[in-house]
Each structure stands twice: as C-alpha cells, then as structure tokens.
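Trainee: after the sequence you'll find the predicted model.
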Amino acid sequence: AERAPHGESHDELRVLGPPNVHRSGRYRQGGSHSPWRRQRQRATRVLATSLSAGRMTQNDPALVDELGRLHDAYEQALAANDIEALTAFFWDSPHVVRYGVAEQLYGADELRAYRQGHAPPFTDRRIVRREISVFGSTFASIMSEIDMLIGGARRSSRQSQSWVLMPALGWRIVSAHVSA
C-alpha cells in the first residue's frame, strides 16, 4: 500500500503547493520524481475516486441551471454597466481577485474602484460558448468564450470565473480572469 505523505490519509484531498517549490518556499529542481508531482497525481486519483464512488456530486442539474441564471444576470449587469449589481456578484473580501485584459485587481475595494472608473468598452457582447462545472454543492467554475464589438471591430475574448456558495450570502464570484 502506498503511504500518504506526512501522515495524511488518502481520503483527504488537500490543497497542494505549486510545483517545484519546497515547503520552505525555496525553488527546487523537480522532474518526474518530484514529491509535488507525486502529490498532484495522488490528489487527482483521490478526486477521481471520490467522484466515481459518489462521495462528491458533479454537475447537479439544478445547480447548473441556477448558476446559468446567475451568470446570465451578471452578463446583463455588465452590458448595462450596473456597477452596484456587478459589485454584488463578487465576494466582498480583500481576497477576491480579478485579472482583466490590462488590470490586476486584488480585493473588493480595488474591484469596486475599477468598476466606478471604467465603463465596459464593448457593444454587442454575446456568449459563444459557456461551460459550467459544479463540484459538490458549494463550488463551480464558469468558462465562457465571448464575441463582442469594440470600437467597430469584432473581437473575441475568454472569461473564467470561480463561484463559491457563501453561507447567508448565496453564490459569489471569488476569482475571475478575462483575456483577449
């Protein structure tokens, strides 16, 4: 039987550090025998086993529908430049992160200030493809391909959002990334 590292059980799926970074924070050479690589592979197996054994639901249709409606409402608020609504979709925390095409925003205060100072540059924005993945009942990712008109030119972009169901608040975006 394979031993779990540092006394962990194999049933436990924990957050793993980045590859090639030792627990001390120093960079180290990796390779196929790197402990981080083995831990990532083990975590992947544990997650796959959990999903197939029914311990974690994936893509509950009711949650996929709910998140689809929320994402549609987010898109409507974005098109209308409804700053109050847009701000409410995001987690009100110093730990929320949003990477835009030309900005990196850390924390709800930076996000709020950005929204107040920048109107969306696009017109005729539409979702070309959207993939919603829900893990359990409290975490989801929404990935979108977007077609829009900016300054009369047709452009494509991509958007990724991580959503978490917050107690007493409902679903909130905890991180987002937009790229052109």
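Mentor: Noted; the coordinates are in hand.

Trainee: where does the prediction get shaky in the protein?
Mentor: Applying pLDDT under 70 to the chain picks out residues 1-54.

Trainee: try 80 this time
Mentor: Low-confidence segments of the chain (pLDDT under 80): 1-55, 119-123.

Trainee: would you map the helices across it?
Mentor: 35-52, 61-80, 83-89, 108-117 (DSSP state H).

Trainee: okay, buried residues for stretch 70-86 please.
Mentor: 70, 71, 74, 75, 77, 78, 83, 86 (16 or more other CB atoms under 10 Å). Quick note: C-beta positions are derived from backbone N, CA and C, even for glycine.

Trainee: take those and write them to CSV, including distance to residue 160.
Mentor: Shown next, in CSV, are the buried residues of stretch 70-86 (distance: CB to CB, whole Å):
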residue, distance to residue 160
70, 15
71, 12
74, 13
75, 14
77, 18
78, 15
83, 22
86, 17
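
Trainee: looking at those residues, spot the one nearest residue 57.
Mentor: The shortest approach to residue 57 among the buried residues of stretch 70-86 belongs to residue 70, at 18.5 Å (CB to CB).

Trainee: was I right about that closest one contacting residue 173?
Mentor: No - counting by CB atoms under 8 Å, residue 70 stays clear of residue 173, with 9.2 Å between them.

Trainee: who touches both of these two?
Mentor: 89, 163 (CB atoms under 8 Å, 6 or more residues apart in numbering).

Trainee: just to revisit the earlier point, of all the buried residues of stretch 70-86, which comes closest to residue 151?
Mentor: Out of the buried residues of stretch 70-86, the member with the shortest distance to residue 151 (by CB to CB) is residue 78, at 17.6 Å.

Trainee: skipping its backbone neighbours, what lies nearest the spatially most central residue of the chain in space?
Mentor: Central residue of the chain (CA atoms, centre = their mean): residue 162, 2.4 Å from the mean position. Setting aside the residues directly before and after it, residue 162 is nearest to residue 175 in space (CB to CB, 6 or more residues apart in numbering), at 4.6 Å.

Trainee: next one: residue 155
Mentor: Excluding its sequence neighbours, the residue lying closest to residue 155 (CB to CB, 6+ apart) is residue 148, at 5.6 Å.

Trainee: quick one: contacts for that neighbour?
Mentor: Residue 148 neighbours (CB under 8 Å, 6+ apart): 122, 123, 124, 125, 126, 154, 155, 156, 157.

Trainee: taking those together, which two end up most distant?
Mentor: Checking the contacts of residue 148 with CB to CB, the most distant pair is 123 and 156, at 14.6 Å.

Trainee: sorry, back to before: what residues are bridge-paired with the residue nearest to the centre of the chain?
Mentor: residue 141, residue 175 (DSSP bridges).
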